[in-house]
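Visitor: here you go, sequence then predicted model.
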Amino acid sequence: PGTGKSLVCERVIADGFYASGLTTLLTAPTNKATDLLLGRVIRRLSEFGQLDAALAAGHIVRVGPISDAQLQGEYGSRIALDAIVARDTMALATRRAELVAAADAVAESDAYWGAGEDDAGERREPRSALLAQVADIDRRLKQVRSDALQRAEIVATTVHRAYMPDQVERMFDAVVLDEG
């Protein structure tokens with residue numbers, strides 16, 4: 001303890017790998033240790049004026065719960081994978097709900113008025129076309145999580161999550177394992 005290992009990790013990640021455009025998996029045994037090192041990397045990027053651009057580009061992603069209250073409060077909405085996915089899928093989820101409601105309304109109308117017409121006798125979009133749009137949105141919703149991980153240049157998570165295939169589905173140029 002106290003030999004500067006975390007300082008070296010922080011600088012290697014921020015000044016070396018990130019500055020060189022290399023992708024990095026930052027990992028530690030616990031959420032606390034992961035957040036501690038990630039917080040140091042974020043501060044280092046901030047010191048050199050790189051943080052705002054990194055956050056805007058989605059280059060920093062935290063997979064799993066953020067246990068550090070300060071890190072969560074200051075950056076959670078911009079780095080937590082679940083928050084990124086929720087933000088990026090909000091419009092799609094809303095459109096999906098609208099299409100499902102429209103498809104349900106068409107099914108009810110078809111049962112009452114006959115296929116393909118509304119109560120005024122007007123032609124409308126068939127239910128199958130609406131459901132095809134719903135299926136397309138479902139595919140796009142699944143892709144958002146993967147896209148966020150692929151865009152990231154620094155992905156931070158615990159060792160346990162790093163080895164779960166459904167958590168971090170990509171390759172990295174470098175892996176930094178902090179002993180915490």
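Guide: Thanks, I have it.

Visitor: nearest residue to residue 40 in space, please, no chain neighbours.
Guide: residue 10 (4.1 Å; Cβ to Cβ, 6 or more residues apart in numbering). Heads up, the C-betas are built off the backbone N, CA and C, glycines and all.

Visitor: which ones are touching the one you found?
Guide: Contacts for residue 10 (Cβ atoms under 8 Å, 6 or more residues apart in numbering) come out as 37, 40-41, 44.

Visitor: my read is residue 148 is in a helix, agree?
Guide: Yes. Assessed by DSSP: H, G, I helix; E, B strand; the rest coil, residue 148 belongs to a helix.

Visitor: so who does it touch?
Guide: 58, 61, 81, 84-85, 88.

Visitor: ok, now how distant is it from residue 18?
Guide: For residue 148, the distance to residue 18 equals 17 Å [Cβ to Cβ, to the nearest Å].

Visitor: pull out the buried residues from the lowest-mean-pLDDT helix or strand in the chain.
Guide: Least confident helix or strand of the chain, by mean pLDDT, DSSP states H and E, is helix 81-113 with a mean of 87. By 16 or more other Cβ atoms under 10 Å, the buried positions in helix 81-113 come out as 81, 83-85, 89, 96, 99, 102-103, 106, 109-110.

Visitor: ok, back up a step: distance to residue 4 added to the contacts of residue 148, as CSV?
Guide: Conversion of the contacts of residue 148 to CSV gives the following (distance: Cβ to Cβ, whole Å):
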residue, distance to residue 4
58, 30
61, 26
81, 30
84, 32
85, 36
88, 38
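
Visitor: packing partners of the helix or strand containing residue 41?
Guide: Residue 41 belongs to helix 31-47 when assigned by DSSP states H and E. Packed against helix 31-47 by the contact rule (3 or more Cβ pairs under 8 Å, 6 or more residues apart in numbering; DSSP states H and E) you find helix 5-11, strand 24-28, helix 51-56, strand 60-62, helix 69-79, strand 154-158.

Visitor: so of those, which one's packed in deepest?
Guide: Comparing these by mean neighbour count (mean count of other Cβ atoms under 10 Å), strand 154-158 comes out on top with a mean of 26.
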